[in-house]
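Novice: let's see this in three dimensions:
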Amino acid sequence: MKMKHEAVLSKQILRSGTSIGANVNEAQYGNSKADFIAKLHIALKETAETEFWLHILQKSDYLDDNMASSLLSDCLEIKRILIVSINTAKQNNESK
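Specialist: Here you go, the predicted structure:
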């Protein structure tokens with residue numbers, strides 16, 4: 001039963017984690033600045049979901065504290081990059 005739960009959680013984090021990159025990539029080919037910003041927002045939401053699943057994996061002891069801390073730190077860095085990118089894109093969009 002534990003393996004089944006681990007597989008379900010692993011699939012969730014794989015889906016949300018890979019969606020971040022997919023949406024950032026899609027943003028680069030957006031039709032407009034607004035489309036670019038919207039795709040980055042989706043990537044940011046997926047980052048928050050990934051962070052949620054990492055916390056679940058840590059609290060249920062599927063990840064040890066060191067691994068969880070490392071992954072959560074990476075997730076937070078991605079979140080910061082996305083927030084700065086969104087804010088910069090919005091500022092650039094308003095100044096035009």
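
Novice: how about the helix or strand containing L40: buried residues?
Specialist: Taking DSSP states H and E as the criterion, L40 maps to helix 33-59. Along helix 33-59, these residues count as buried under the neighbour rule (16 or more other CB atoms under 10 Å): 36-40, 42-44, 46-47, 49-51, 53-54, 57-58. C-beta here means a position set from N, CA and C on the backbone, and glycine is covered the same way.

Novice: same check, this time on stretch 59-69
Specialist: Neighbour counts using 16+ other CB under 10 Å place 62-63, 68 of stretch 59-69 among the buried residues.

Novice: could you do stretch 8-15 as well?
Specialist: Buried residues in stretch 8-15, counted by 16+ other CB under 10 Å: 9, 12-13.

Novice: could I get the residues you listed as JSON lines with pLDDT and distance to T88?
Specialist: Listed next are these as JSON lines, based on pLDDT from 0 to 100; distance: CB to CB, whole Å:
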{"residue": "L9", "pLDDT": "86", "distance to T88": "34"}
{"residue": "Q12", "pLDDT": "92", "distance to T88": "30"}
{"residue": "I13", "pLDDT": "92", "distance to T88": "28"}
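
Novice: fine by me, we can end here.
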